[in-house]
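J.: coordinates only, sequence not included:
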């Protein structure tokens, strides 16, 4: 490299002119971005209210008619659950209606060898064994696997067990019972469904921690944008190398 | 001798005259708003309709179902046993014994082929060729299968017959098995509970005899009319649950005030039974009313579902016992710490790379672009 180029670059940087080309790809369309944040909010509400349904806050003083604490906690849980459920159905629809990245959440290239090789590469990147990660328009293979397992499969399990538990109060013959009532004898009994639904919450809570951490870390350390992508929809690459 | 009496014969036996009987029939027809000609048809029905024989078998059980049954108040169990049904075999309360008793089974199953009701209390053990429960010198399993073969319907009394109950709890050494897993070709009405409520038992029997069909059942074969809702749905302490008023300790103010027992492990929200409406001992009380949470005795495998005093009960999977909240909080702690450590090391690693990159590494051609 000649000194002249470096000097030129330094000059350009001083003036605030970008020295490298930043490629940007429009990945997440607006409805999908809205879904992501609505989903994030509903999961947060579901986890918090879910925790309090299993472990109610300290006993309220005074007359029972003065309070409706558990009633409200349960109401917000069910309201958020309906939003999550409608969001899930919308997301399923969007897998067909959206762009080519939108069905990543529902498909896993399980038999593609390169998928697992690149997943291993990503694991090594997190273990500080690779100097830099690969670039992806959509999810990297590791994230892809987690998204499918936790959001799609896990979300479905939570929906099915959740509606089965909900059917216990809407009663025999309600649509919730007709669609999801079979789950209770299938799993065992009501208490089993409750406890599995509760385990599911912990899996999702741990996933959320990892998801938020890796999103921030990748945004800083990888070769592409992460957080801003879910706001603007554009994936920005920090370099032009393959 | 097994009774083959009709309802008319029973009434006559109890001292009701023919004249009174005919009067009763006309009165009934009038009361039901039927034409006078129906009085004769009612009389004919009463004269010809035989009482349905019921055979009551006892397998591995503790007799709590029978103990509960004999305390029925509405209808009185004496009415059920002496007037409504023809209880031809019940080795617990029958007068005959030994070969005489066993002969009745033989006779009824032949004479009333396909027309008798089999009530089973307890369940058969399958291990050691059924040797853990011997009735009349033979494994109970054999007796059950023989009597069930020609039964019209089977009533599984209690949690033993319905789910397995205590003798089927882990590790279930005798392999005690609920009736529906042994008899698969008959309609089975499960009346779970340890024991079931007396009025629920007589209620199910009365329904079957009155309407000559089995009651509406839910997915798991329990009569909807008694097992359609949870204890929680009709609990008189429910307002305290909705308000968020709980018993935290057995001797606290909440316990004295009769607050909700949810936090001390009440299984009312997961238990399908009629305790909170029908109650026990002629409607005197039920566990929650007496200040103790429901233990879920009418639910499948309730002995193996963890503590009676915990809401988030332990989970048994693959030989591991774990509590979701303990594991969950632990995992959040561990993962949180791991994220912190990983983040810290990432920063150090990056700083180091940057330092090296600035000095020598030619690979970092675009390094200048990174912040």
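T.: Looks like it came in fine. Everything quoted here is computed from the prediction, not taken from an experiment.

J.: so, low pLDDT: which residues of the chain?
T.: Since you didn't name a chain, this refers to chain A. A:1-3, A:8-9, A:11-22 (pLDDT under 70).

J.: not quite, go with chain B.
T.: Using pLDDT under 70, chain B drops low at B:1-4, B:357-371.

J.: quick one, strands of it?
T.: Taking DSSP state E to define them, one finds strands in chain B at B:53-58, B:86-90, B:117-121, B:134-135, B:138-139, B:153-157, B:188-191, B:314-317, B:320-323.

J.: of all these, which one is nearest chain A?
T.: strand B:314-317 (5.5 Å; C-beta to the nearest C-beta). In short, each C-beta sits where N, CA and C put it, glycine included.

J.: re earlier: pipe the strands of chain B into TSV and attach mean neighbour count and distance to residue B:47 per row.
T.: Below are those laid out as TSV (neighbours: other C-beta atoms under 10 Å in any protein chain shown; distance: least, C-beta to C-beta, whole Å):
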stretch	mean neighbour count	distance to residue B:47
strand B:53-58	24	18
strand B:86-90	21	16
strand B:117-121	27	22
strand B:134-135	15	37
strand B:138-139	16	39
strand B:153-157	25	25
strand B:188-191	25	29
strand B:314-317	14	58
strand B:320-323	12	63
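
J.: got CSV for those strands, with distance to residue B:109 too?
T.: Listed next are the strands of chain B as CSV, based on distance: least, C-beta to C-beta, whole Å:
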stretch, distance to residue B:109
strand B:53-58, 8
strand B:86-90, 10
strand B:117-121, 9
strand B:134-135, 15
strand B:138-139, 15
strand B:153-157, 13
strand B:188-191, 18
strand B:314-317, 41
strand B:320-323, 46
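
J.: show me where the chain has helices.
T.: If you meant another chain, say so; for now it's chain A. For chain A, applying DSSP state H gives helices covering A:3-15, A:30-54, A:69-97, A:113-126, A:141-146, A:155-170, A:175-180, A:183-187, A:190-221, A:229-232.

J.: chain B was what I was after
T.: B:7-13, B:18-31, B:37-48, B:64-69, B:77-79, B:98-111, B:140-149, B:158-162, B:198-211, B:224-227, B:238-243, B:253-257, B:275-278, B:324-359.

J.: which residues touch the fourth one?
T.: The contact list for helix B:64-69 (C-beta atoms under 8 Å, 6 or more residues apart in numbering or on different chains) reads B:58, B:77, B:90, B:92-93, B:121, B:157-158, B:160, B:193-198, B:201-202.

J.: any idea how far the residue nearest the centre of chain A is from residue A:98?
T.: The centre of chain A sits closest to residue A:151, judged by C-alpha atoms, centre = their mean, with a distance of 5.6 Å. From residue A:151 across to residue A:98, the span is 15 Å (C-beta to C-beta, to the nearest Å).

J.: again, but for residue B:309
T.: 50 Å.

J.: cool, and residue B:127?
T.: For residue B:127, the distance to residue A:98 - C-beta to C-beta - is 57 Å.

J.: and those two? Which one has more around it.
T.: residue A:98 (16 against 13; other C-beta atoms under 10 Å in any protein chain shown).

J.: which ones are touching the more buried one?
T.: So residue A:98 contacts A:29, A:31, A:32 (C-beta under 8 Å, 6+ apart).

J.: one more pass at 7 Å, please.
T.: A:29, A:32 (C-beta atoms under 7 Å, 6 or more residues apart in numbering or on different chains).

J.: so it versus chain B, what's the distance?
T.: Residue A:98 sits 31 Å away from chain B, going by C-beta to the nearest C-beta, to the nearest Å.

J.: and what of residue A:142?
T.: With C-beta to the nearest C-beta as the criterion, residue A:142 and chain B are 14 Å apart.

J.: next: residue A:35.
T.: On the measure of C-beta to the nearest C-beta, residue A:35 and chain B end up 26 Å apart.

J.: wait, that residue sits on residue A:92?
T.: No. Here residue A:35 does not reach residue A:92: they are 10.7 Å apart, not a contact under C-beta atoms under 7 Å.

J.: and these two? which has more neighbours close in?
T.: Taking other C-beta under 10 Å, residue A:35 and residue A:92 do not tie; residue A:35 has more neighbours (19 against 15).

J.: could you check how far that one is from residue A:241?
T.: In terms of C-beta to C-beta, residue A:35 sits 32 Å off from residue A:241.

J.: for residue B:348, same thing?
T.: When residue B:348 is compared with residue A:241 (using C-beta to C-beta), they lie 25 Å apart.

J.: residue A:218 too?
T.: 17 Å.

J.: which one of the two has more residues nearby?
T.: Taking neighbours as other C-beta under 10 Å, residue A:218 and residue A:241 compare with residue A:218 leading, 19 against 10.

J.: thinking that one is in contact with residue A:228, fair?
T.: No. With contact defined as C-beta under 7 Å, residue A:218 does not count as touching residue A:228 (11.6 Å).

J.: pull the contacting residues for residue B:347.
T.: Residue B:347 neighbours (C-beta under 7 Å, 6+ apart): none.

J.: next, the contact list for the closest residue to residue A:59 other than its chain neighbours, please.
T.: Spatial nearest neighbour of residue A:59, excluding adjacent residues (C-beta to C-beta, 6 or more residues apart in numbering or on different chains): residue B:246 at 4.7 Å. Residue B:246 is in contact with A:56, A:59, B:254, B:259, B:260, B:262, B:263, counting by C-beta under 7 Å, 6+ apart.

J.: okay, those in a markdown table with neighbour count and distance to residue A:233 next?
T.: Listed next are the contacts of residue B:246 as a markdown table, based on neighbours: other C-beta atoms under 10 Å in any protein chain shown; distance: C-beta to C-beta, whole Å:
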| residue | neighbour count | distance to residue A:233 |
| --- | --- | --- |
| A:56 | 21 | 41 |
| A:59 | 20 | 48 |
| B:254 | 22 | 53 |
| B:259 | 25 | 52 |
| B:260 | 28 | 48 |
| B:262 | 25 | 46 |
| B:263 | 21 | 46 |
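
J.: which one of those residues is nearest to residue A:108?
T.: residue A:56 (38.7 Å; C-beta to C-beta).

J.: any idea how far the closest one lies from chain B?
T.: Taken as C-beta to the nearest C-beta, the span from residue A:56 to chain B is 6 Å.

J.: would you mind confirming that that residue is in contact with residue B:260?
T.: No. Residue A:56 is not in contact with residue B:260 according to C-beta under 7 Å; the separation is 8.8 Å.

J.: got the residues of chain A near chain B?
T.: A:19-20, A:54, A:56-57, A:59-60, A:64, A:67-71, A:128, A:168-169, A:172, A:181-182, A:185, A:188-191, A:194-195, A:198-199, A:202, A:205-206, A:209-210, A:213, A:217, A:221, A:238-239 (C-beta under 7 Å from any C-beta of the partner chain).

J.: ok, of those, which come out buried?
T.: Buried members of the residues of chain A next to chain B, scored by 16 or more other C-beta atoms under 10 Å in any protein chain shown, are A:54, A:56, A:59-60, A:64, A:67-70, A:168-169, A:172, A:181, A:185, A:188-191, A:194-195, A:198-199, A:202, A:205-206, A:209, A:213, A:217, A:221, A:238-239.

J.: next, count neighbours for the spatially closest residue to residue A:52 that is not a sequence neighbour.
T.: Excluding the flanking residues, the one nearest residue A:52 by C-beta to C-beta, 6+ apart is residue A:73, at 5.0 Å. Around residue A:73 there are 20 other residues, counting by other C-beta under 10 Å.

J.: surely residue A:73 and residue A:50 touch.
T.: No. With contact defined as C-beta under 7 Å, residue A:73 does not count as touching residue A:50 (9.2 Å).

J.: residue B:79 and chain A, how far apart?
T.: Counting by C-beta to the nearest C-beta, the gap from residue B:79 to chain A is 30 Å.

J.: just residue B:273 next, same as before
T.: For residue B:273, the distance to chain A - C-beta to the nearest C-beta - is 12 Å.

J.: and what of residue B:341?
T.: 11 Å.

J.: next, residue B:175: phi, psi?
T.: phi 50, psi 50 (degrees, to the nearest 10).
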